[in-house]
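1. predicted coordinates and the sequence they were generated for:
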Amino acid sequence: MMATIAEMRLPTQELRDDIPFYTKVLGMRMDSIYPADDPSVAVFSGHGLRLRIEKGAPEAPGTLRILTEDPDGFANGQRQLTAPNGTRIEIEDRNPPLVMPQTVHSFVVRRLADQAPWVIGRAGMNYRDLVPDRLGGAVIASHIRIPGGGPVPDMVHFHRVGFQLIFCIHGWVDVAYEDQGPPMRLTAGDCFIQPPEIRHRVLHSGDDVQVIEIGVPAEHVTEIDHDMTLPTPNLRPDREWQGQRFVFNQARDADWQDFRLPGFVSRGTTIAANTKGVADVQVVRKGQGDSPFASHDTDILFAFVMSGQVILHGEGREPYNLEPGDAFVIPPGMKTRLSDASDDLELLEVSLPGSFTTTLETP
């Protein structure tokens, strides 16, 4: 079978100037050059790329980005160079450290009735943004649905994140995870914690599955792993990725306790323990009695109404009548109160970090 090769063509005015740059400075290999008496074309390969440098080619010189695990040891530590043929060279870290933006705190209420647009995202999924300002880039919260049912056109991939939650609010979805055994079915009320860079793949879904996805920071890279096949043969439930363990918490195992706010009860998800306090996730229901105004001191406090109704009061603001599909963010130090909860109320609350103090206001 004949091999197929792709190459990128770049222009030059004088090939003899480009040869030492591409071979010695960039460390590429020259594979061919012609004609012999007055060379005008040379082909170089390296770093997963094949370049054809051609005298008089009509294209613009363009930009070549080289990603390396040792940027300081590549090209004598230079990060930006210009080749003799005019091509701009950018040297970047292959695995740059994750940058966590400082949170820009704000009080956010996102109503489903306001008809926030759904957009088509990765693998054909529909996304609805629940925190439009993303708190300055600190967090992204998405309401995701997969229209129809059946196989999902997903690939094995991973995310370069600090924290990521998948909470199912409707339907079901099958997902396979690296070193976690056979595929798992996430149903309404269940959640996954996807530790940073764990490989996974969405396989199948029921009709109109809907999940809430929380990611920190808001902008993070999703990379495809073309080499791994899921499920993997190993079962390693205690494996850690950057200090976090995979979590599959199921609603059927719920143990309801008093919530941090009087008048409500909640069930934990083991997420605080398995992320070593990076985050906590609680499911909240109506309890007994009224809840006073209260404030908190955590960095990010996000909530989503999964069922029922409740009124959100914020100091100096008109009350918000919240219904299923509504979301809100309460900044640290702001006094708020929840009241008039319906018997079928169920809230999802996500806090980062997971351990924080709630201060109740006395009458």
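-> Arrived safely. Numbering: from 1, shown residues only.

2. poorly predicted segments of the stretch 251-363 of the chain, please.
-> Low-confidence segments of the stretch 251-363 of the chain (pLDDT under 70): 363.

3. so who does the closest residue in space to Val108 that isn't next to it in sequence touch?
-> Of all residues not flanking Val108 in the chain, Val329 sits nearest, at 4.0 Å (C-beta to C-beta, 6 or more residues apart in numbering). Where you see a C-beta, it was placed from the backbone N, CA and C, and this is true even at glycine. Residues touching Val329, when contacts are defined by C-beta atoms under 8 Å, 6 or more residues apart in numbering, comprise 106-108, 131, 135, 300-303.

4. do Asp129 as well
-> For Asp129, the contacting residues are 110, 116, 140-142, taking C-beta under 8 Å, 6+ apart as the criterion.

5. again with Asp17
-> 84-85.

6. buried residues in the helix or strand hosting it, which are they?
-> Taking DSSP states H and E as the definition, Asp17 sits inside helix 15-20. Going by neighbour count (16 or more other C-beta atoms under 10 Å), the buried part of helix 15-20 is 15, 18-19.

7. immediately after it, which helix or strand?
-> Along the chain past helix 15-20, the next helix or strand (assigned with DSSP H and E) turns out to be strand 29-34.

8. check which helices and strands that following strand sits against.
-> Other helices and strands packing on strand 29-34, by 3 or more C-beta pairs under 8 Å, 6 or more residues apart in numbering; DSSP states H and E, are helix 15-20, strand 41-46.

9. could you redo the last one with a cut-off of 6 Å?
-> Contact here means 3 or more C-beta pairs under 6 Å, 6 or more residues apart in numbering; DSSP states H and E; on that basis strand 29-34 packs against strand 41-46.

10. residues touching the residue nearest in space to the middle of the chain, list them.
-> Centre of the chain computed as the mean C-alpha position; nearest residue by C-alpha atoms, centre = their mean is Gly215, 4.6 Å away. Residues near Gly215 by C-beta atoms under 6 Å, 6 or more residues apart in numbering: 140, 161, 164.

11. same thing but 10 Å
-> Applying C-beta atoms under 10 Å, 6 or more residues apart in numbering, we find Gly215 in contact with 134, 139-142, 159, 161-166, 194, 222.

12. so where does it fall, helix or strand?
-> Counting by DSSP H and E, the element that carries Gly215 is strand 209-216.

13. partners of that strand in the sheet?
-> Strand pairing for strand 209-216, determined by DSSP bridges: strand 140-146 (antiparallel), strand 163-170 (antiparallel).

14. closest one to Gly189 among those?
-> Proximity of the strands paired with strand 209-216 to Gly189 was assessed by C-beta to C-beta; the nearest stretch is strand 163-170, lying at 6.9 Å.

15. counting by contacts, list what the helix or strand just after that closest one packs against.
-> On the C-terminal side of strand 163-170, the closest following helix or strand by DSSP H and E is strand 172-177. Under the contact criterion of 3 or more C-beta pairs under 10 Å, 6 or more residues apart in numbering; DSSP states H and E, strand 172-177 touches strand 184-187, strand 191-193, strand 200-205, strand 209-216.

16. alright, that wraps it up for me.
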